[in-house]
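Asker: Return atomic coordinates for the entry below.
(one chain, ligands or ions: 1)
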Amino acid sequence: MIEGIGLGLRSPLAKQLFATGPELPLRWLEIHPENYVERGGHYETLLATARARFPLLTHGLSMGFGSLTPFDTGHLRSLRSLLSELQVPWHSDHLCFSSVDGVYAHDLLPLPFHREASQVCIDRIHQAQDALRIPIAVEHISYYATPAGPRMPEAEHLSEILERSDAKLLLDVNNVYVNAMNHGFDPRAFIASLPLERVVQLHVAGHHLRDDGLRIDTHGEPVCEEVFALFEYTMRKLARPVPVLLERDDNFPDFAELAAEIERLDAIYRRVLAPQRQSKTPAVSL
Ligand SMILES: [Fe+2]
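Answerer: Okay, here's the model as predicted:
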């Protein structure tokens, strides 16, 4: 079982990542399989080195469960072969759309929160589960505008998709916080209203606060105090071990800064789970 704090495998971090010792509580790595499917050279070596050193989880960027463009069956076959080789317990990707009529935006675009959109997601999650033959976890995205028209609350939309597709949830604490601040809702109430028994993984990241107050989900800043606090709240609601990813994709600092964030996340994680772990320790009979 993979649990504790992980980091994304990114080329600029790889050398320092692989040089870390057991004193850093870094338990696993997340990879984007699009970087490794049917690729050799640098990427093949990077993946082999990572596998020898850490457990891996996979997080895709291209399935867009709300897209109307049919899946590329060749890509699904190649992806299945990689996931099967890596023996990951689930594969995650995003609740969004990324392409229209075969044109790819290379971005995660927000869905309208209504029944037609949730049905598209449910159908595609079923297709992905059938093709990949492992459980699918979906991640809700950060968004700055949503399509107009009739809509339900985001948490209700997300919960309906999860329940009707039987998918797992990759809960991104920073996405919840960024959306809550930009759109004016309570991030704790949002998290509390989700089917938390479906959560298999968390993401934590930094974001950029603009002068006009808009928060942009950059993955290129340190994690802010409010997101650390929301992570602790989320762990208390979950009250069980899960893998937690520190997402850093841009503006890479000295590795010591990332190591300090990993240690702080791990301290919160262990503090929250300590009572559960103690209560499961068998009593010693004298
Ligand atoms: Fe994320």
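Asker: pLDDT on stretch 167-184, on average?
Answerer: Averaged across stretch 167-184, the pLDDT comes to 97.
Asker: Please disregard the earlier target; I meant stretch 37-47.
Answerer: For stretch 37-47, the per-residue pLDDT averages 89.
Asker: didn't Pro153 look like it was pressed against Thr146?
Answerer: No. Counting by C-beta atoms under 8 Å, Pro153 does not reach Thr146; the two are 11.4 Å apart. Every residue, glycine included, has its C-beta placed from N, CA and C.
Asker: For the stretch 151-286 of the chain, which residues are neighbours of the ion?
Answerer: For the stretch 151-286 of the chain, the contact set with the ion under C-beta under 5 Å from the ion comprises Asp172, His203.
Asker: what residues are shared contacts of Pro153 and Thr146?
Answerer: Common contacts of Pro153 and Thr146, defined by C-beta atoms under 8 Å, 6 or more residues apart in numbering, comprise Phe113.
Asker: So which bits of stretch 149-159 are buried?
Answerer: Arg151, Glu154, Ala155, His157, Leu158, Ser159 (16 or more other C-beta atoms under 10 Å).
Asker: same check, this time on stretch 196-216
Answerer: Quick answer for stretch 196-216 (16+ other C-beta under 10 Å): Arg198, Val199, Val200, Gln201, Leu202, His203, Val204, Ala205, Gly206, His207, Arg215.
Asker: quick one: which of those residues is nearest the ion?
Answerer: Lowest distance from the ion to those (C-beta to the ion) belongs to His203, with 3.5 Å.
Asker: so that closest one is in which element?
Answerer: Assigned by DSSP states H and E, His203 belongs to strand 199-205.
Asker: which helices and strands sit right next to that strand?
Answerer: Counting contacts by 3 or more C-beta pairs under 8 Å, 6 or more residues apart in numbering; DSSP states H and E, strand 199-205 packs against strand 136-140, strand 168-172, helix 173-183, helix 225-238, strand 243-247.
Asker: Please state the offset of the helix or strand that contains Pro275 from the chain centre?
Answerer: Counting by DSSP H and E, the element that carries Pro275 is helix 255-280. Relative to the chain's own centre, helix 255-280 is displaced by 18 Å; criterion: C-alpha atoms, centre = their mean, to the nearest Å.
Asker: could you give the angle of that helix to helix 225-238?
Answerer: 20 degrees (axes from the mean of the first three to the mean of the last three C-alpha atoms, to 10 degrees).
Asker: in helix 255-280, what counts as buried?
Answerer: In helix 255-280, counting by 16+ other C-beta under 10 Å, buried: Phe255, Leu258, Ala259, Glu261, Ile262, Leu265, Asp266, Ile268, Tyr269, Val272, Leu273.
Asker: Now do that helix and strand 199-205, the angle between them.
Answerer: Using the same axes, to 10 degrees: helix 255-280 against strand 199-205 is 150 degrees.
Asker: Nearest residue to Pro110 in space, ignoring adjacent ones along the chain?
Answerer: Tyr143 (3.7 Å; C-beta to C-beta, 6 or more residues apart in numbering).
Asker: what's near enough to touch Ala76?
Answerer: Not Ala; residue 76 is Leu. So Leu76 contacts Ala128, Ala131, Leu132 (C-beta under 8 Å, 6+ apart).
Asker: what distance separates the strand or helix carrying it from the centre of its chain?
Answerer: Assigned by DSSP H and E, Leu76 belongs to helix 73-86. How far helix 73-86 lies from its chain's middle: 20 Å, per C-alpha atoms, centre = their mean.
Asker: what comes up buried for it?
Answerer: Per 16+ other C-beta under 10 Å, helix 73-86 contains these buried residues: His75, Leu76, Leu79, Arg80, Leu82, Leu83, Leu86.
Asker: about what we covered before: pipe the helices and strands packed on strand 199-205 into TSV and attach mean neighbour count per row.
Answerer: What follows is the helices and strands packed on strand 199-205, written out as TSV (neighbours: other C-beta atoms under 10 Å):
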stretch	mean neighbour count
strand 136-140	23
strand 168-172	24
helix 173-183	22
helix 225-238	17
strand 243-247	23
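Asker: mind checking which of these is nearest Thr45?
Answerer: Ranking the helices and strands packed on strand 199-205 by proximity to Thr45 (C-beta to C-beta) places strand 243-247 first, at 22.8 Å.
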